[in-house]
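K.L.:
how would this look folded up:
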Amino acid sequence: MRPSALLLLLATSGCDFIFRLDPVPTPAIDASTVDLPGHDDGPEEPTDAPVDAPAKIACGMTVVDDTFAGPTPCANWGSFFATNANVTSGGGQLVISVTSTATEANGGCNSNQYLFAGAGVIAHMTSVTTGNNSYNGLQVAGSSLDAALNVNMGTLKFQTRSASTTWVSATYDATAMAWLRLWPDRTTSEVVADYSPDGQTWTELGRRSMNLPQMATFSIIGGVNQGGIYSGSTRFSRFMICQ
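P.N.:
Sure, this is the predicted structure:
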């Protein structure tokens with residue numbers, strides 16, 4: 001602060017003093033620039049932060065990434081099917097619910113044709129239909145190409161789509177094996193079957209030598225054989241085709 005100007009006049013004819021005090025104007029203060037002790041507004045909140053963004057998955061170039069938010073199952077990449085079952089989509093889930101086992105009962109989605117390349121096809125299966133004659137999983141098909149990852153009777157099986165031949169299997173762990181992947185290893189001409197707890201760190205279940213066409217179709221499925229006793233439903237929360 002500058003001291004106020006002080007004018008002192010001394011009268012020569014007496015002891016009278018005259019004082020004049022000139023106030024100096026105080027500059028305006030911008031309150032937003034003042035640091036107040038004990039007060040911290042913190043960083044500004046971003047206004048365009050993404051909300052509920054899908055988790056990052058080890059997919060490479062993603063061609064299809066369906067989180068089942070819409071009401072039509074698999075609308076952007078294929079078509080759904082249902083025999084003695086209901087197939088619904090929405091709220092982040094594809095749900096396959098068997099309604100009768102008087103005959104074969106199943107439902108799911110078949111993709112259009114896509115390149116079978118890179119990280120292949122990935123599915124996040126959050127629930128399975130249980131029972132001795134039930135099956136739930138991920139499939140790939142093409143010219144001389146026939147492979148599936150199916151959960152049946154508490155076992156994850158790498159097998160043909162019809163389940164007539166099983167190449168390798170492991171006790172099913174719903175948490176550790178929630179993510180399923182089938183991909184082509186073209187250096188060895190093998191289809192590789194993997195599982196993962198998070199879609200990022202993968203464990204190989206097995207591999208099988210077979211013809212690897214450039215194009216293939218992919219399916220997610222849940223069902224029960226004729227006359228089977230079952231409970232629950234098959235649910236997927238994400239389906240991806242990678243290249």
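K.L.:
rest of the way, CA atoms for contacts and neighbours
P.N.:
OK.
K.L.:
Residue 132 contacts residue 226, correct?
P.N.:
No: here residue 132 does not reach residue 226: they are 11.2 Å apart, not a contact under Cα atoms under 8 Å.
K.L.:
doesn't residue 177 fall inside a strand?
P.N.:
No: counting by DSSP: H, G, I helix; E, B strand; the rest coil, residue 177 is located in no strand; its state is coil.
K.L.:
does it really touch residue 196, like I thought?
P.N.:
Yes: contact criterion Cα under 8 Å: residue 177 and residue 196 qualify, at 5.2 Å.
K.L.:
out of these two, which sits in the busier spot?
P.N.:
The residue with more neighbours, out of residue 177 and residue 196, is residue 177; 22 against 18, by other Cα atoms under 10 Å.
K.L.:
mind listing what the more buried one touches?
P.N.:
Residue 177 makes contact with 195-197, according to Cα atoms under 8 Å, 6 or more residues apart in numbering.
K.L.:
Can you redo these as JSON lines, where the extra columns are secondary structure, distance to residue 113 and pLDDT?
P.N.:
Listed next are the contacts of residue 177 as JSON lines, based on DSSP: H, G, I helix; E, B strand; the rest coil; distance: Cα to Cα, whole Å; pLDDT from 0 to 100:
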{"residue": "195", "secondary structure": "strand", "distance to residue 113": "23", "pLDDT": "98"}
{"residue": "196", "secondary structure": "strand", "distance to residue 113": "25", "pLDDT": "98"}
{"residue": "197", "secondary structure": "coil", "distance to residue 113": "28", "pLDDT": "97"}
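K.L.:
where does the protein have low pLDDT?
P.N.:
The model of the chain has pLDDT under 70 over residues 1-54.
K.L.:
please redo it, this time with the cut-off set to 50
P.N.:
Scanning the chain for pLDDT under 50 picks out the ranges 1-21, 24, 26-27, 29-52.
K.L.:
Compute the number of surrounding residues for the residue lying closest to residue 185 once chain neighbours are set aside.
P.N.:
Using Cα to Cα, 6 or more residues apart in numbering and skipping the chain neighbours, the partner closest in space to residue 185 is residue 191 (6.1 Å). Using other Cα under 10 Å, residue 191 has 23 neighbouring residues.
K.L.:
cool, and residue 144?
P.N.:
By other Cα under 10 Å, neighbour count at residue 144 equals 10.
K.L.:
Any chance of the backbone angles for it?
P.N.:
Main-chain dihedrals, residue 144, degrees, to the nearest 10: phi 60, psi 20.
K.L.:
Can you give me the distance of it to residue 101?
P.N.:
31 Å (Cα to Cα, to the nearest Å).
K.L.:
Please apply the same query to residue 130.
P.N.:
Computed as Cα to Cα, the residue 130 to residue 101 distance reads 13 Å.
K.L.:
So between the two, which is more surrounded?
P.N.:
Set side by side, residue 130 and residue 101 show more neighbours around residue 130, with 22 against 19, by other Cα under 10 Å.
K.L.:
is it true that the more buried one touches residue 225?
P.N.:
No: here residue 130 does not reach residue 225: they are 11.6 Å apart, not a contact under Cα under 8 Å.
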